[in-house]
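Q: I would like to see how this sequence folds:
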Amino acid sequence: MLRTIFSFQGRVARLPYLGYSLLVGLLACLIIVIVSIIAAITSSHDPLGPLVMLIVVGLMVGVMTIWAGFALIIKRLHDLGLSGLHLIVIVLMGLSATALQDVAPTISILLSVVTLGVHLFLIFAPGQPGQNRFGPAPTGVRTAFPA
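A: Next comes the predicted model:
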């Protein structure tokens, strides 16, 4: 499971992509909530210590979440027969939408809609059957349609 979430090699099918993406997001939120509760409980003794702990854990969870998200998207792109370099375009569209939010709201909304469309495409588009240049089809995926 950790190889699926954190490795950039291989392919991942639609349903595992969606499931692992939801799992990573849920675990990240759960860890942050638990650490926040611990920080709130211990803040009466030393107000600065829990804040530092929360910042450090938050940064670690953020980096791990971004890494896992990128790894899953790249593997999904591989399953579609596309290079992982397409991730750069996806990330730039999302960052541009955020950066242009105040300057050009219409363009920001358009970029956000396109980015959402790309993510929906990653969830619903069927992968290439059989082996492609990124490896064999994900386990449990049929390689041909029944006659």
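Q: next, count neighbours for residue 72.
A: Number of residues near residue 72 (other CB atoms under 10 Å) recorded here: 23. C-beta here means a position set from N, CA and C on the backbone, and glycine is covered the same way.
Q: tell me the contacts of it?
A: Residue 72 makes contacts with 4-5, 12, 17, 20-21, 24, as judged by CB atoms under 8 Å, 6 or more residues apart in numbering.
Q: name the SS class of it, please.
A: With DSSP: H, G, I helix; E, B strand; the rest coil as the basis, residue 72 sits in helix.
Q: from here on, call the first residue 673.
A: Fine by me, first position is 673 from now on; the one you just mentioned is residue 744.
Q: which residue lies farthest from the center of this protein?
A: residue 717 (37.0 Å; CA atoms, centre = their mean).
Q: what about the one residue sitting closest to the centre of the chain, distance to residue 700?
A: Using CA atoms, centre = their mean, the residue of the chain that lies closest to the mean C-alpha position is residue 741, 2.2 Å off. Relative to residue 700, residue 741 is positioned 10 Å away (CB to CB, to the nearest Å).
Q: the closest residue to residue 736 other than its chain neighbours: neighbour count?
A: Leaving aside its chain neighbours, residue 736 sits nearest to residue 700 (7.5 Å; criterion: CB to CB, 6 or more residues apart in numbering). By other CB under 10 Å, 18 other residues sit near residue 700.
Q: residue contacts, residue 700?
A: Per CB under 8 Å, 6+ apart, neighbours of residue 700: 733-734, 736-737.
Q: now residue 693: which helix or strand?
A: Applying DSSP states H and E as the criterion places residue 693 in helix 686-714.
Q: may I see the buried residues of stretch 724-734?
A: 726, 729, 733 (16 or more other CB atoms under 10 Å).
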